[in-house]
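*Asks:* my questions are about this predicted structure, shown below with the sequence.
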Amino acid sequence: MENLPKDSFEPLKIENHQHEREKIAAPSLNFLQDSWRRLKKNKSAVVSLLVLILIALISIGSIWFSPHDPTKQNVAYTNLPPRIPGVTINGFNGTAIVGNERVDKYKQLNVPKNVNYYLGTDGLGRDELSRLLMGTRMSLIIAFIAAILDLSIGVVYGLISGLKGGRIDNIMQRILEILSGIPNLVVMILMLTIFKPGMLSIILAMIVTGWITMARIVRAQTMKIKDQEFVLAATTLGESKTKIALKHILPNISSVIIVQLMFSIPSAIFFEAFLSFIGLGLRAPAASLGTLLSDGYKTFRYLPHLMWAPAIVLSVIMICFNLLADGLRDAFDPRMKD
């Protein structure tokens, strides 16, 4: 066999533009980074997130920076209309119609010019804006505590039921069916016979049956994932059920849990508002969006702003949470098209 000389071969020249074209230009993204990229494309979800953060910061910050004391009564300044400095629009300039004539209520009651109530006062002379900030804060606190407890109980219950399967799963599901048949209002009335009306009784009434939906979703996702190859490999290698649940199953169903949590928070806010509206919620001097609605509808024909303000805030919070939950559901689903 004839050997070819070395000078018969020439090294291939790689052009720079070809080499650059073969490079991976886009950086690699993990699941959370890719989900955030998808979420940012959903303008309504991003705006809803910013609005919720703003509402939460303002309501929490009102603990230290409140316009007035939300629980202080001043019978000399009862049922004052809103007055915003520099605004001359009727309804926000401190005037109201009395006997078919528009009068300045602040001037009638000798309110100092440097004292303004931006949303007016209620029947006890309390600042409506301060009470609205307090009520928003209380409603958010109750909803978040109830949602976190629902999350904790539902995830643990669903993981155990889905991993164990068989007879244990059958018994646990029958328990869920029994609990889901109990109306929340009946549970609340029973709670009031044991506990005094307030935050504790509302939260307990929410979590008695509120975790059932989370448990069922987690169970369904667990049964779907536990037969996949990576879980079977971990089982073959001798991993315990607890480590499999925490290291393999829970991270893979975290997106579903977060979306369900976002949907459960507005439901808890509405449930608290409903209970407070019918008189089974917080007690004075504490306030929530439900108690403010309950007080405002009684004088809606004469002082409509006392009901409009908490109703608008409640509607905005619930709409923003639902839009954010829809955006998260689309962002966490890799099958969604960009």
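*Replies:* Done, it's in.
*Asks:* now do the same contact list for the residue sitting nearest the centre point of the chain.
*Replies:* Centroid check for the chain by CA atoms, centre = their mean gives Ile265 as the closest residue, at 4.0 Å. Each residue near Ile265 by CB atoms under 8 Å, 6 or more residues apart in numbering is listed here: Ala143, Phe144, Ala147, Phe321. Heads up, the C-betas are built off the backbone N, CA and C, glycines and all.
*Asks:* and for the first one, the neighbour number?
*Replies:* A count of nearby residues for Ala143, using other CB atoms under 10 Å, gives 25.
*Asks:* let me know the pLDDT of it.
*Replies:* pLDDT, Ala143: 86.
*Asks:* show me what contacts it?
*Replies:* Counted by CB under 8 Å, 6+ apart, Ala143 has contacts Ile265, Pro266, Ala268, Ile269, Glu272.
*Asks:* by neighbours, which of the residues you listed wins?
*Replies:* Busiest of the contacts of Ala143 [other CB under 10 Å] is Glu272, holding 28 neighbours.
*Asks:* so His68 sits against Asp127, correct?
*Replies:* Yes - counting by CB atoms under 8 Å, Asp127 is a contact partner of His68 at 3.7 Å.
*Asks:* need the overlap of contacts for the two.
*Replies:* Tyr117.
*Asks:* identify the residue nearest Phe321 in space, chain neighbours excluded?
*Replies:* Pro266 (4.1 Å; CB to CB, 6 or more residues apart in numbering).
*Asks:* and the helix or strand in which the one you found is found, what's buried?
*Replies:* Element membership of Pro266, judged by DSSP states H and E, is helix 254-277. Along helix 254-277, these residues count as buried under the neighbour rule (16 or more other CB atoms under 10 Å): 255-277.
*Asks:* mean confidence score for that helix?
*Replies:* 83.
*Asks:* circling back: I'd say the residue nearest to Phe321 and Asn322 touch.
*Replies:* Yes - in this structure, Pro266 is within contact of Asn322 by CB under 8 Å, at 6.0 Å.
*Asks:* with respect to Leu179, which of the contacts of Ala143 is nearest?
*Replies:* Ala268 (17.1 Å; CB to CB).
*Asks:* could you check how far the closest residue to that closest one other than its chain neighbours is from Gly290?
*Replies:* Distances taken as CB to CB, 6+ apart put Ala143 closest to Ala268, at 4.0 Å, once the chain neighbours are dropped. With distances taken as CB to CB, to the nearest Å, Ala143 is found 11 Å from Gly290.
*Asks:* kindly report the same for Thr121.
*Replies:* Relative to Gly290, Thr121 is positioned 20 Å away (CB to CB).
*Asks:* again, but for Ser315
*Replies:* The gap separating Ser315 from Gly290 is 13 Å, by CB to CB.
*Asks:* so between the two, which is more surrounded?
*Replies:* A count of neighbours by other CB under 10 Å puts Gly290 above the other of Ser315 and Gly290, at 29 against 10.
*Asks:* what helix or strand does that one sit in?
*Replies:* Per DSSP H and E: helix 289-298 holds Gly290.
*Asks:* report the buried residues of the helix or strand following that helix.
*Replies:* Toward the C-terminal end, the helix or strand that comes next after helix 289-298 (DSSP H and E) is helix 305-332. For helix 305-332, burial by neighbour count (16+ other CB under 10 Å) applies to 305-307, 309-311, 313-314, 317-318, 320-332.
*Asks:* same drill for His68 and Asp127, tell me which one is more crowded.
*Replies:* Asp127 (27 against 19).
*Asks:* close enough to count as contact, the more buried one and Leu133?
*Replies:* No - taking contacts as CB under 8 Å, Asp127 lies outside contact range of Leu133: 9.5 Å.
*Asks:* now the strands for the stretch 51-200 of the chain?
*Replies:* 95-97, 102-104 (DSSP state E, counting those that start in this stretch).
*Asks:* of the ones you listed, which is nearest Gly162?
*Replies:* strand 95-97 (60.5 Å).
*Asks:* ok, back up a step: turn the strands of the stretch 51-200 of the chain into a markdown table, columns for mean pLDDT.
*Replies:* Listed next are these as a markdown table, based on pLDDT from 0 to 100:
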| stretch | mean pLDDT |
| --- | --- |
| strand 95-97 | 76 |
| strand 102-104 | 78 |
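*Asks:* most tightly surrounded among those strands?
*Replies:* Ranked by mean neighbour count, those are led by strand 95-97 with a mean of 17 (mean count of other CB atoms under 10 Å).
*Asks:* list of residues touching that one?
*Replies:* Contacts of strand 95-97 (CB under 8 Å, 6+ apart): Pro81, Arg102, Val103, Asp104, Lys105.
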